[in-house]
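Peer 1: Fold the following, please.
(chains A, B and C)
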Amino acid sequence: MGQSIGRWIRGAALLPVALTAGVLAYAQEDDVATRLAALEETVNGSASAYVDNSYLFLIGGIIVMFMAAGFCMLEAGLVRSKNAAMQSTKNVLLYAVAGLMFWVVGYNMAYPGTTILNGLLGVTPGPWSGGDLSVMSEAGYAPASDWFFQMVFVATAASIVSGTVAERVKIWPFLIFTAILTAVIYPIVVSWEWGGGYLDTVWSFSDFAGSTLVHSVGGWAALVGAIIIGPRTGKYIGNVVHPMPGSNIPLAALGTFILWFGWFGFNGASQLAAGTVADINSVAQIFANTNMAAVGGTLFAMVTTAVLYKGKVDATMVFNGALAGLVSITAEPLTPTMGQAVLIGGVGGVLAVLTVPLLDKFKIDDVVGAIPVHLVCGIWGTLIVAATNDGATYLGQAVGVGLTGVFVVLASTVVWLALKFTIGVRCSLEAEEMGLDKAEIGLEAYPEFSRG
Amino acid sequence: MGQSIGRWIRGAALLPVALTAGVLAYAQEDDVATRLAALEETVNGSASAYVDNSYLFLIGGIIVMFMAAGFCMLEAGLVRSKNAAMQSTKNVLLYAVAGLMFWVVGYNMAYPGTTILNGLLGVTPGPWSGGDLSVMSEAGYAPASDWFFQMVFVATAASIVSGTVAERVKIWPFLIFTAILTAVIYPIVVSWEWGGGYLDTVWSFSDFAGSTLVHSVGGWAALVGAIIIGPRTGKYIGNVVHPMPGSNIPLAALGTFILWFGWFGFNGASQLAAGTVADINSVAQIFANTNMAAVGGTLFAMVTTAVLYKGKVDATMVFNGALAGLVSITAEPLTPTMGQAVLIGGVGGVLAVLTVPLLDKFKIDDVVGAIPVHLVCGIWGTLIVAATNDGATYLGQAVGVGLTGVFVVLASTVVWLALKFTIGVRCSLEAEEMGLDKAEIGLEAYPEFSRG
Amino acid sequence: MGQSIGRWIRGAALLPVALTAGVLAYAQEDDVATRLAALEETVNGSASAYVDNSYLFLIGGIIVMFMAAGFCMLEAGLVRSKNAAMQSTKNVLLYAVAGLMFWVVGYNMAYPGTTILNGLLGVTPGPWSGGDLSVMSEAGYAPASDWFFQMVFVATAASIVSGTVAERVKIWPFLIFTAILTAVIYPIVVSWEWGGGYLDTVWSFSDFAGSTLVHSVGGWAALVGAIIIGPRTGKYIGNVVHPMPGSNIPLAALGTFILWFGWFGFNGASQLAAGTVADINSVAQIFANTNMAAVGGTLFAMVTTAVLYKGKVDATMVFNGALAGLVSITAEPLTPTMGQAVLIGGVGGVLAVLTVPLLDKFKIDDVVGAIPVHLVCGIWGTLIVAATNDGATYLGQAVGVGLTGVFVVLASTVVWLALKFTIGVRCSLEAEEMGLDKAEIGLEAYPEFSRG
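Peer 2: Residues are numbered from 1 along each chain as shown, chains lettered A, B, ... in the order given. Modelled structure (predicted):
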């Protein structure tokens, strides 16, 4: 036992070491725990990804907002000078109307908590509100950044209609149509897909940034409007098409560039997140693909017009070719390779060029070519998603395209006809001849330039 | 004691465990401490929030910089074609002059270390410098990003004056006035509030992004200029007002859109930080409110003009309505609800429309309507802050508005009169009739278009 | 010994403490280790800097993309109205061609893995591809964000040529030249420096954002083109220079502002990273310096023209002065102080103004002044790098300028001449008189405005 004690004592001789180790560890541990807790708070409370995501919506959003200026310039450039002030004013007004209506009912109808009619119709609780600004949204981004981004999309749909029905529509019925389109028609279609509704759940319909939801919605509404309102006086006499050339091609070029610029926000920010490596890689790829599709649309349209018109390169066809490429890639800007993006956009460019004479054949007067670009290419872009995105099927895509078309055509017809038979949609022949600038706006676009 | 020893020995039998635990803990602890230190360095050295804040200034800054293009287009579109090249050139030059002067003395006078005259006048140490680029600024953002953001604001104030005094001011006195405005007048006002001076400390004056500090400063300087320089020849004959319509309405629409676009940077980045959840939530809310105020301004102005002018929608009133809404929300884009933002902007739009005939009554010739938009709505927006922001009072807001007005009117009067009685501020009657393009710039804006 | 035992026993009385400390430490340690590991995963997997870097490329990239619109407006404004639609269309087309060619071969030739001819010529494996989107690139940013940013630079070089050879070049040969410039000529020069090749390794040549690599490459190609294509008919008759004034000065002003705006992306994002304090501080400083150089260019050009032209401020000289300042600072926007930036830009502005009559003396017809701005100031800006950047020498800079000049002149001469002797580069005299809008584009820019 003495030995035993001695052994223990020798063992115990290590006690100070153990004590030192243990106590030091405890003390240091205490320090470590404190520091770790502090660090955890810093890291876990970090807004880094939250800010990155919100920035995507905010920066993308203002760039898409600027597309309103692009549509305005494109349309002001492609109408005759006697209607250019009206067209400019209409574009400012429609952006304002769209923003108001999407706040009042649209957003909450597009992304509804409650639905009726088997989920086909969202029930909106009224105006959207951003909630408590001090709270981190579980969605992972600032709530108002999302609202803002969604709002500029609805304005795009409204801008599409404006160009087609230019030079003969009266301003008040146009604004009323815009209000209904942005408050109800567009939000209902969006609720079916981005709102997680019927097309999304039943058909796995895929429309990344809105070839169908934004562009074809605008395109269908424009088509119905063009038919109901009728062509500009003098455009079609018998079977002869009388071109009515745009008054300011450089402005149309500017509009094209602004839209191309804005499309990086339109498609890129539709990734909806940018806070992870995978997300920002995707945003970047979307930028590259979006550009390549526009490149394809531009160049294919150029070649097509050169073939059709003996070597001449039609300026407006080139501009619309770029936009056609952009619309075509919008349904799926992520999964195609860059070569596929060129082809998808390129086919869109060809389709846009070929659709123009087709519309003329049916005497459908589309002043800026919005139907070829936004409707035809919107359909093409949506269908071809199935070629590169395994999650989509041609059938599902066709159902989405078709259902959207049927609904928007019906709804637009009702609204345009209701307007036609109440306050009227078309200006008088005198107003059309004088120009809508004088008739509706009270001033001329270029009072010192225009001939007679 | 034997028992006691035995008990201790039994206790000591756990010693190896303690040793193992302690020593292992120590070793692992050592590893943990190292890893923790490394992690702390990574996290605490993380530039995430710093970068987010700086991005806010840089991206906001370039967007506000682009507002210079917006003012340029708005003004070039609203003057007659014989003065459009002059107006365009003046806008490029004033942006350059503002940038130079704000670097040379302005910034350090606006945000002074030392003040005299009971804190009313900052003492500037001369040109601003960014300092050591490798060092993290304690302010939490890159120093030069702040300078850049502040600089584009002063350019905005200068742009406001340019539109009002168009079509008859000579270029050199205008540039000298701009230099003094941006070097001294604007910085002094800013020092009272954003520089932490008299209005901020004594009156809790609140002006988030500059309804008073930027817009009314520009507006007062413009008002004094318009009075001293006098109206354009032929504008007022007896009591009859002769309209002189703008020469290029689509450009004015483009300018309006660019300004609307830029305002997201103007108001949004005035949050001054974006690295936390609360900050980015606020930035997003500011975007939404800013848009809603412009929506309100646009639509209320539209309705007002339609009522006044028998159903016609005056294009320039719509554009100015949008801008009026934007100026009105600038003093407080964060605390209003979105509905309140619509109203605040809407009232601004109505005020802008109603002020135009008032100015004409006093024969104050404001070519682009800058006084109604920037001065009247700047005052309105500043006063109404007290309705939604608990930190502000109507009295304090009124004091800020009044003090700014008195100072800028006095200072501008001195400078405009000094210029008038030395080099002269107004062009000759011949130059005015010929147009300032030929008289001052040596080329015409549209040599192939203009009549006669 | 009893005492000794007693001492040990007293010492051992602390054993429970040690045990508690050690075991607790171990347990807590276990928790700490787990938490630390989790935190490490969070922090090290954080995409914060990666996202910040990618954002720099993406946002910078779209802003530089928008410079294409700036060139388009500048050039459309400075040509006569009969060529303005052609000029607008050409600018859309060249941006598309540049994007296609830089994808097909350009990027991988500019940043080659393998080179031949002693490293002077990169071997391209063909089209660029973004790779696996889920993987974090070791470069520290999204791969496609880099491709996008590089692509918009090549478009800038192509835009420069477009302005110089305006009003008489045929569209197809121009587009073929653009294709070769952007596929081969520009990428080869870039490989020598940014691709880490000869100029970078042997001469420590320094060209931060491309005064030489982008602007002088475009400038040399434009110079050769102007000489081979010859001046516009009627521009030089004997020794008399007949000015052919631009048709739309406000558009040229808009183009200037858009380019100034875009240059913040051009220079700022050339920092290539923004995820650290030092990087974002530098980006911010580059913004400030870029602006000050443009300020210097604008104001020095204004004063120079006022002195030369008896107090008149030539509008186009002011616009080109701004651009001259921007080109001049592009080779080194980081190391100069802000005062030095004013001077560097200012000298550029003076050089641009003085070069215009020099070109006229040699009957080199540069429609928009691209050679003075992009070539002369590109050289000036590159040489003066050695004054503020210790890593550069005047000799090394001169070698880079010279080698680039020799190569681009030779290559451009071969291509322009090959085009001249095959499909021809210059339109017919009839086409030139009628205007290229009708001759090549099939529609007029302003069908309702232009005189006779």
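Peer 1: I'd guessed A:Val367 sits against A:Ser162; true?
Peer 2: No: the criterion here is CB atoms under 8 Å, and A:Val367 misses it with A:Ser162 at 9.5 Å. In short, each C-beta sits where N, CA and C put it, glycine included.
Peer 1: what do these two both touch?
Peer 2: Common contact partners of A:Val367 and A:Ser162 (CB atoms under 8 Å, 6 or more residues apart in numbering or on different chains): A:Glu75.
Peer 1: And the residue nearest the centre of chain A?
Peer 2: In chain A, the residue lying closest to the centroid (CA atoms, centre = their mean) is A:Phe153, at 4.3 Å.
Peer 1: and that residue, how far is that from chain C?
Peer 2: Noted for A:Phe153: a distance of 18 Å to chain C, by CB to the nearest CB, to the nearest Å.
Peer 1: How about the contacts made by that residue?
Peer 2: By CB under 8 Å, 6+ apart, A:Phe153 lies in contact with A:Val64, A:Gly210, A:Val214, A:Phe266.
Peer 1: Let me know how buried the third one is, in neighbour terms.
Peer 2: Put plainly, it is A:Val214. Counted with other CB atoms under 10 Å in any protein chain shown, residues neighbouring A:Val214 total 26.
Peer 1: same thing with the first one?
Peer 2: Other residues within reach of A:Val64 by the criterion other CB under 10 Å amount to 29.
Peer 1: what do you get for the one 4 residues further on?
Peer 2: Neighbours of A:Ala68 under the rule other CB under 10 Å: 27.
Peer 1: excluding its backbone neighbours, what's nearest it?
Peer 2: Nearest non-adjacent residue to A:Ala68, counting by CB to CB, 6 or more residues apart in numbering or on different chains: A:Tyr95, 4.5 Å away.
Peer 1: Was I right to think the one you found contacts A:Thr156?
Peer 2: No: applying CB under 8 Å as the test, A:Tyr95 and A:Thr156 come out as separate, 9.5 Å apart.
Peer 1: shared neighbours of the two, which are they?
Peer 2: A:Ala68.
Peer 1: So which of these two has more stuff around it?
Peer 2: A:Tyr95 (33 against 27).
Peer 1: which residues does the more buried one contact?
Peer 2: Counted by CB under 8 Å, 6+ apart, A:Tyr95 has contacts A:Met65, A:Ala68, A:Ala155, A:Ala158, A:Ser159.
Peer 1: Just give me the closest of these to chain C.
Peer 2: A:Met65 (14.0 Å; CB to the nearest CB).
Peer 1: so which helix or strand takes in that closest one?
Peer 2: helix A:48-78 (DSSP states H and E).
Peer 1: gap between that helix and the chain center?
Peer 2: Taking CA atoms, centre = their mean, to the nearest Å, the mean C-alpha location of helix A:48-78 is offset from the chain mean by 9 Å.
Peer 1: between the one helix or strand the residue nearest to the centre of chain A maps to and helix A:48-78, how many degrees?
Peer 2: For A:Phe153, the host element (DSSP H and E) is helix A:143-164. Put simply, helix A:143-164 runs at 20 degrees to helix A:48-78, going by axes from the mean of the first three to the mean of the last three CA atoms, to 10 degrees.
Peer 1: which helices and strands does the following helix or strand past helix A:143-164 pack with?
Peer 2: Counting by DSSP H and E, the next helix or strand C-terminal to helix A:143-164 is helix A:171-180. Judged by 3 or more CB pairs under 8 Å, 6 or more residues apart in numbering or on different chains; DSSP states H and E, helix A:171-180 is in contact with helix A:84-101, helix A:143-164, helix A:394-420.
Peer 1: out of the ones you listed, deepest packed?
Peer 2: helix A:84-101 (a mean of 29; mean count of other CB atoms under 10 Å in any protein chain shown).
Peer 1: circling back: which one of the contacts of A:Tyr95 is nearest B:Gln285?
Peer 2: A:Met65 (16.1 Å; CB to CB).
Peer 1: how much space between the closest one and chain B?
Peer 2: Taken as CB to the nearest CB, the span from A:Met65 to chain B is 6 Å.
Peer 1: ok, now A:Leu395?
Peer 2: From A:Leu395 to chain B the distance is 39 Å (CB to the nearest CB).
Peer 1: What pLDDT is listed against that residue?
Peer 2: Note for A:Leu395: predicted pLDDT of 98.
Peer 1: The one 5 residues further on too?
Peer 2: Confidence at A:Gly400, expressed as pLDDT, is 98.
Peer 1: any bit of stretch A:143-150 sitting next to chain C?
Peer 2: No: between stretch A:143-150 and chain C, judged by CB under 8 Å from any CB of the partner chain, nothing touches; the nearest distance is 14.9 Å.
Peer 1: what sits up against that stretch?
Peer 2: With CB under 8 Å, 6+ apart, stretch A:143-150 has contacts from A:53-54, A:57-58, A:60-61, A:64, A:102-103, A:107, A:110-111, A:128, A:130-131, A:137, A:139, A:269, B:280-281, B:283-285, B:287-288, B:291.
Peer 1: Mind giving me the PyMOL command for buried ones among the residues you listed?
Peer 2: The PyMOL selection below is limited to those of these classed as buried (16 or more other CB atoms under 10 Å in any protein chain shown):
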select buried, (chain A and resi 53+54+57+58+60+61+64+102+103+107+110+111+128+130+137+269) or (chain B and resi 280+281+283+284+285+287+288+291)
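Peer 1: circling back to that earlier point, near chain C too, which of the contacts of A:Phe153?
Peer 2: Okay, of the contacts of A:Phe153, nothing touches chain C (CB under 8 Å from any CB).
Peer 1: Could you export those to JSON lines, including columns for pLDDT?
Peer 2: Conversion of these to JSON lines gives the following (pLDDT from 0 to 100):
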{"residue": "A:Val64", "pLDDT": "98"}
{"residue": "A:Gly210", "pLDDT": "97"}
{"residue": "A:Val214", "pLDDT": "98"}
{"residue": "A:Phe266", "pLDDT": "98"}
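Peer 1: circling back to that earlier point, ok, of the contacts of A:Tyr95, which one's closest to A:Met244?
Peer 2: Distances from A:Met244 to those, taken by CB to CB, are shortest for A:Ser159, at 20.6 Å.
Peer 1: count of residues packed around the nearest residue to the closest one once chain neighbours are set aside?
Peer 2: The spatial neighbour of A:Ser159 that comes closest, neighbours along the chain excluded (CB to CB, 6+ apart), is A:Phe71 at 3.8 Å. By other CB under 10 Å, 27 other residues sit near A:Phe71.
Peer 1: is it true that A:Phe71 touches A:Ala157?
Peer 2: No: taking contacts as CB under 8 Å, A:Phe71 lies outside contact range of A:Ala157: 10.8 Å.
Peer 1: in chain A, which spans are strands?
Peer 2: If DSSP state E is used as the criterion, the strands of chain A fall at A:114-116, A:121-123, A:236-237, A:240-241.
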